[in-house]
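Asker: sequence-free structure coming up:
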């Protein structure tokens, strides 16, 4: 069965995203079902969203469970063959989805397909250096992975793979960062293909998913989780020793920067690198990604 608006659902995980999510929703055709998973227990947000948009269902996760777990909640609530995962700070063009529907007919099979980001200097995909992957401006091209802020999953096909049984798509050990790389690697390891459709374009605002008034708390969380997730990803797929070696340069660099900002009494920078150190040490000890930003 090919993709259509009737067998496609969109999942958007939000957290303090009221300032951007409306532009995202408005850019989506109102014939398409949207599931918003808000990482909170904000009943007012849910009521306002569902009242304003007839094609939107809002699910409250009750607490901040992260991007991967939030997407899994959404995936468990849909019955369509395809799911388009979006971040709330993504805006579609008028034909973004139509271009995917049309162009994907040229592909024999795929596990994941993605539109292309408007940020040329920050592509939303990575090539596999060992394979003959290359950019093509007019037809879908294969990639190693795509960024998680805009990716369409072929649920019907992936559900046939043992590793994805029972909608086990995103590894919920990741709170933020690299949950998409982990998913893409498992898709590739299961001999499925990942494509980017260059005719299908999106605008990604970039790091705007959470209200800017929480910037510093989010920055602390980013630094903690980036280094934790990188260690966990490498340990999961390549072993503890490689994860240790890959993380040590960032660890020692963070120590030096922490000491420097401590000496010059820059409290904000000091805290940022302290959180980076703590993220690495927690990953090194095998602790879960427990850190959460202090946001009310």
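Answerer: Sure, I can see it. Fair warning: this is a prediction, and the values are worked out from it, not measured in the lab. Residues are numbered from 1 along each chain as shown.

Asker: helices of the stretch 51-200 of the chain, start to end?
Answerer: For the stretch 51-200 of the chain, the helices defined by DSSP state H, counting those that start in this stretch cover 67-75, 96-103, 155-158, 179-189.

Asker: could you dump these to CSV with mean pLDDT?
Answerer: Below are those laid out as CSV (pLDDT from 0 to 100):
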stretch, mean pLDDT
helix 67-75, 95
helix 96-103, 94
helix 155-158, 92
helix 179-189, 96
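
Asker: out of those helices, the one nearest residue 210 is which?
Answerer: Taking C-beta to C-beta, helix 67-75 is the member of these nearest to residue 210, at 11.5 Å. Placement of C-beta: from N, CA and C, glycine included.

Asker: which residues does that closest one contact?
Answerer: Counting contacts by C-beta atoms under 8 Å, 6 or more residues apart in numbering, the residues outside helix 67-75 that touch it are 11-13, 35, 37, 39, 59, 61, 65, 83, 85, 148, 153, 155, 167-172, 174-176, 179.

Asker: just to revisit the earlier point, so which of the helices of the stretch 51-200 of the chain is nearest residue 141?
Answerer: Residue 141 lies closest to helix 96-103 among the helices of the stretch 51-200 of the chain, at 10.7 Å (C-beta to C-beta).

Asker: burial check on residue 59, number of neighbours?
Answerer: Close neighbours of residue 59, defined as other C-beta atoms under 10 Å, add up to 17.

Asker: with residue 35 instead?
Answerer: Applying other C-beta under 10 Å, we find 21 other residues in the vicinity of residue 35.

Asker: pLDDT weak spots in the stretch 151-296 of the chain?
Answerer: 166-167, 296 (pLDDT under 70).

Asker: what segments of it are strands?
Answerer: Listed in chain order, the strands of the stretch 151-296 of the chain (DSSP state E, counting those that start in this stretch) span 194-204.

Asker: same check on the stretch 1-150 of the chain?
Answerer: For the stretch 1-150 of the chain, applying DSSP E, counting those that start in this stretch gives strands covering 8-14, 33-38, 56-60, 82-86, 90-92, 112-117, 125-126, 141-142, 145-146, 150-154.

Asker: so which of these gets nearest residue 215?
Answerer: For the strands of the stretch 1-150 of the chain, distance to residue 215 was read as C-beta to C-beta. The smallest value, 16.9 Å, belongs to strand 8-14.

Asker: quick one: the closest one to chain centroid distance?
Answerer: Computed by C-alpha atoms, centre = their mean, to the nearest Å, the chain-centroid distance of strand 8-14 equals 11 Å.

Asker: what packs against that strand?
Answerer: Applying 3 or more C-beta pairs under 8 Å, 6 or more residues apart in numbering; DSSP states H and E, one finds that strand 8-14 makes contact with helix 18-26, strand 33-38, helix 67-75, strand 82-86.

Asker: and the first one with strand 56-60, angle?
Answerer: Pointing back at helix 18-26 there. 140 degrees (axes from the mean of the first three to the mean of the last three C-alpha atoms, to 10 degrees).

Asker: now find how far off-centre helix 18-26 is within its chain.
Answerer: 17 Å.

Asker: and the contacts of that helix?
Answerer: By C-beta under 8 Å, 6+ apart, the list of residues contacting helix 18-26 from outside reads 12, 14, 34, 36, 45, 49, 52-53, 56, 86-92, 205, 208-209, 211-212.
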